[in-house]
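> When you get a sec, could you give me coordinates for this:
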Amino acid sequence: MSYDLKVAMLIWSYWPGHEGGAERQCRKIIPYLERRGIQVVVWTARTQRKQRRREMVGDHEIVRMGRAVPLMTAARGWVEKLLAIVLRRTNLQGRGQALRREALLFWLGLPLMFIAKAIFLLELWFWLRRAENRPDVIHVHESSWLAGAAAFFARRYGIPVLAKTALYPAWNVLGYDVPMRRTFSKARRECHFAALAPYLAEDLITHGVPRERIFEVPNGVEIPERIADFSSEKVVLFVANFSQGVEHKAFDVLLNAWNIVVREEPSALLKILGGGDRTQWENMVKFLRLESSVDFVGWVDAPSEHYRLSSIFVLPSGREGISNALLEAQSYGLPCVVSDIPGNIAIIEHGVNGIVVSAGNVEQLAKAILLLLSDSELIKKMGYAGRYKMIKNFNLQNVADIIVNVYEKIYFVR
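The predicted model follows:
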């Protein structure tokens with residue numbers, strides 16, 4: 001590069017702590033950008049009291065905003081725990097109960113999250129008013145309320161905003177927990193967008209975003225030296241953030257399918273990694289009497305060993321962008337059983353590097369898992385094909401080059 005750009009990564013939650021795909025992707029890409037001459041600073045919310053307001057991690061600074069945000073997020077956590085206690089005896093075999101629980105948590109926690117976001121945005125606005133804090137580009141790791149807020153605040157200073165489209169639909173309706181939601185929704189149209197796949201770009205276009213403001217930028221993955229050990233036991237791996245909800249991750253579909261799997265393969269083990277409140281799904285496991293075949297591992301900072309010691313990765317999601325966990329599983333050479341939503345089939349080619357089943361179809365999901373568990377050669381064949389695809393198309397080094405090219409375009413062509 002002939003010009004050193006300063007880029008602010010704007011994300012609600014950031015390391016250390018439980019991280020989803022967006023947070024992990026943000027953290028992983030930063031060193032690769034810095035090697036290409038990009039000066040990076042992370043702007044995020046101070047969601048925990050123990051977090052420092054400002055600190056250096058490697059060559060980049062993390063600036064955490066929102067003095068009272070830890071209190072609001074902790075209070076919402078207490079509401080979630082209280083709700084789990086109240087509903088502990090609820091039979092969660094059906095999806096309806098889970099959806100009602102999630103809706104109740106949203107509305108009970110809405111005032112708290114509204115205040116938390118307002119406090120964060122107010123501090124962000126004051127931060128941008130100081131000239132020495134202004135970056136050349138703001139890179140927002142979502143295309144929702146934060147993207148709109150960034151565009152609204154940055155327009156006064158002529159700072160271009162790049163918003164990452166992480167979920168489908170790419171253009172969602174902002175919730176009532178967002179301050180100035182109508183204003184921010186309109187302001188989003190001033191952003192440039194990094195679409196993870198062509199289907200997300202098309203969704204943005206149908207909602208009026210000009211094609212010239214959209215760039216295709218896939219998620220990236222580090223390629224490990226060691227691949228999965230296919231000689232291990234019949235372990236099926238599922239990685240998810242429990243706070244993302246049943247419609248998103250389809251926990252009920254997975255557990256009902258697993259109930260069928262263990263009847264045919266009693267020695268099979270389902271490992272579930274991820275943070276968040278999993279009480280309702282532990283209850284479902286007990287109801288289905290699956291305790292001996294399901295292991296809730298919890299949140300894991302470095303899941304590499306779990307990928308390496310598994311046989312299959314499963315992702316039955318009802319809603320997804322490009323799953324970070326799916327890319328990681330493929331990089332370790334794991335064949336993947338996924339639902340036929342756009343984000344999954346952008347990665348998995350049926351019969352080549354995995355098996356694609358209809359979203360929500362319990363029987364198809366169980367049948368696909370059983371097919372792979374019974375055929376070690378098919379596991380290896382699909383796993384090697386997936387790893388090759390990651391090396392060729394999703395290597396973080398290549399993705400970093402694409403991102404730097406986008407930064408230059410939106411900064412210099414203003």
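> Residue 336 versus residue 295, what's the distance?
19 Å (C-beta to C-beta, to the nearest Å). For every residue, glycine as well, the C-beta is placed using N, CA and C.
> likewise residue 260?
19 Å.
> okay, these two: which has more neighbours?
residue 336 (27 against 16; other C-beta atoms under 10 Å).
> Which residues are in contact with the residue nearest to the more buried one when sequence neighbours are not counted?
Once flanking residues are discounted, residue 336 sits nearest to residue 354: 3.8 Å by C-beta to C-beta, 6 or more residues apart in numbering. By C-beta atoms under 8 Å, 6 or more residues apart in numbering, the contact set of residue 354 is 335-338, 348, 382, 386.
> Dig out what residue 354 forms beta bridges with.
residue 336, residue 350 (DSSP bridges).
> Check residue 163 too.
Beta bridges link residue 163 to residue 140, residue 193, judged by DSSP bridges.
> before we move on, the earlier item: most neighbours among the contacts of residue 354, which one is it?
Going by other C-beta under 10 Å, residue 335 tops the contacts of residue 354 with 29 neighbours.
> For residue 56, see how far away that one is.
41 Å.
> so how far is residue 225 from residue 96?
Distance from residue 96 to residue 225, by C-beta to C-beta: 46 Å.
> neighbour-wise, which of the two wins?
Neighbour count, other C-beta under 10 Å: between residue 96 and residue 225, residue 96 has more, with 11 against 4.
> Show me the helices in the stretch 51-200 of the chain, by range?
Under the criterion DSSP state H, counting those that start in this stretch, helices of the stretch 51-200 of the chain are mapped to 69-86, 95-129, 145-154, 181-187, 198-206.
> can you tell me which of these comes nearest to residue 245?
helix 95-129 (5.1 Å; C-beta to C-beta).
> Now that closest one: buried residues?
For helix 95-129, the neighbour count (16 or more other C-beta atoms under 10 Å) marks 95, 97-98, 101-102, 105, 109, 112-121, 123-124, 128 as buried.
> Now stretch 25-39: buried residues?
Across stretch 25-39, burial judged by 16+ other C-beta under 10 Å covers 25-30, 32-34, 38-39.
> which residues are in contact with that stretch?
Contacts of stretch 25-39 (C-beta under 8 Å, 6+ apart): 1, 4-7, 9, 11, 14-15, 19, 40, 42, 58-60, 141, 219-220, 222, 324, 396-397, 399-401, 403-404, 407.
> and with 7 Å instead?
1, 4-7, 9, 11, 14-15, 40, 58-60, 141, 219-220, 222, 324, 396-397, 399-400, 403-404 (C-beta atoms under 7 Å, 6 or more residues apart in numbering).
> out of the residues you listed, which are buried?
5, 7, 9, 11, 14-15, 40, 60, 141, 219-220, 324, 396, 399-400, 403-404.
> would you list the contacts of residue 354 in a markdown table and tack on pLDDT and distance to residue 174?
A markdown table is the format used below for these (pLDDT from 0 to 100; distance: C-beta to C-beta, whole Å):
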| residue | pLDDT | distance to residue 174 |
| --- | --- | --- |
| 335 | 96 | 38 |
| 336 | 98 | 32 |
| 337 | 98 | 34 |
| 338 | 98 | 29 |
| 348 | 97 | 31 |
| 382 | 97 | 40 |
| 386 | 97 | 36 |
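> now those residues in CSV, with distance to residue 212?
As requested, these are exported to CSV (distance: C-beta to C-beta, whole Å):
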residue, distance to residue 212
335, 39
336, 34
337, 38
338, 32
348, 30
382, 38
386, 33
